[in-house]
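Trainee: Sequence and predicted structure below; questions after.
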Amino acid sequence: MTPQISSYNHTQNFVAILYNAELGFRLNKLNKKWYNQYGISIGAITQFNTGLTYIWEGDELTTSRTGSRSYVHSNLSHEIGRRINPRLEIFAKANIGIQFPYNTYFTMTSYLQIGLNFNLKRNKI
């Protein structure tokens with residue numbers, strides 16, 4: 001079980017923060033430096049709108065500069081990584097997910113993550 005926090009910027013539209021917990025299965029290569037990891041996760045995504053946000057309140061349409069929305073987000077992922085030392089790994093991770101309820105339905109999302117894993121517990125591999 002791995003907690004994750006990430007963010008991204010959709011230019012001139014919104015800034016998003018994704019926070020979730022991932023349950024994964026890791027396969028090490030023969031030399032134990034490279035690995036493949038498969039995972040499934042559930043969490044939430046919060047989008048902070050840039051510019052004006054229009055809000056319908058009763059019979060009146062108002063504007064807000066601080067509009068945001070949160071959605072449930074589930075994901076399937078495949079990660080390829082390399083261990084640099086016992087506490088540090090570099091990785092590339094392909095994700096496909098579902099964001100719901102998006103308006104009245106759901107939306108599919110896909111994204112690629114590139115980053116570093118910092119292991120808080122010293123592994124003997």
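Mentor: Received, thanks.
Trainee: What pairs with whatever helix or strand F91 lives in, parallel or antiparallel?
Mentor: Under the criterion of DSSP states H and E, F91 resides in strand 88-102. Using DSSP bridges, strand 88-102 pairs in its sheet with strand 68-85 (antiparallel), strand 105-118 (antiparallel).
Trainee: Okay, buried residues for the last one please.
Mentor: What that stands for is strand 105-118. Of all the residues in strand 105-118, those buried under the rule 16 or more other C-beta atoms under 10 Å are T109, N117. All C-beta spots, glycine's among them, are computed from the backbone N, C-alpha and C.
Trainee: before we move on, what about stretch 59-79?
Mentor: For stretch 59-79, by 16+ other C-beta under 10 Å, it's G67, Y71, H73, N75, S77, E79.
Trainee: So for it, first residue to last residue, what's the gap.
Mentor: Using C-alpha to C-alpha, to the nearest Å, the end-to-end distance of stretch 59-79 comes to 49 Å.
Trainee: I'd like the average pLDDT over that stretch.
Mentor: For stretch 59-79, mean pLDDT is 87.
Trainee: what does that stretch rub up against?
Mentor: 18, 20, 22, 24, 35-49, 51-55, 91-102, 109 (C-beta atoms under 8 Å, 6 or more residues apart in numbering).
Trainee: In PyMOL, select just the buried ones from the residues you listed.
Mentor: A single PyMOL command selects the buried members of these (16+ other C-beta under 10 Å):
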select buried, resi 18+20+22+35+37+39+41+43+45+46+47+49+53+91+93+95+97+99+102+109
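Trainee: Tally up the residues packed near E89, please.
Mentor: 21 (other C-beta atoms under 10 Å).
Trainee: List of residues touching the strand holding F91?
Mentor: Contacts for strand 88-102 (C-beta under 8 Å, 6+ apart): 35, 45, 71-84, 106-119.
Trainee: try 6 Å
Mentor: The contact list for strand 88-102, computed with C-beta atoms under 6 Å, 6 or more residues apart in numbering, reads 71-83, 106-107, 109-114, 116-117.
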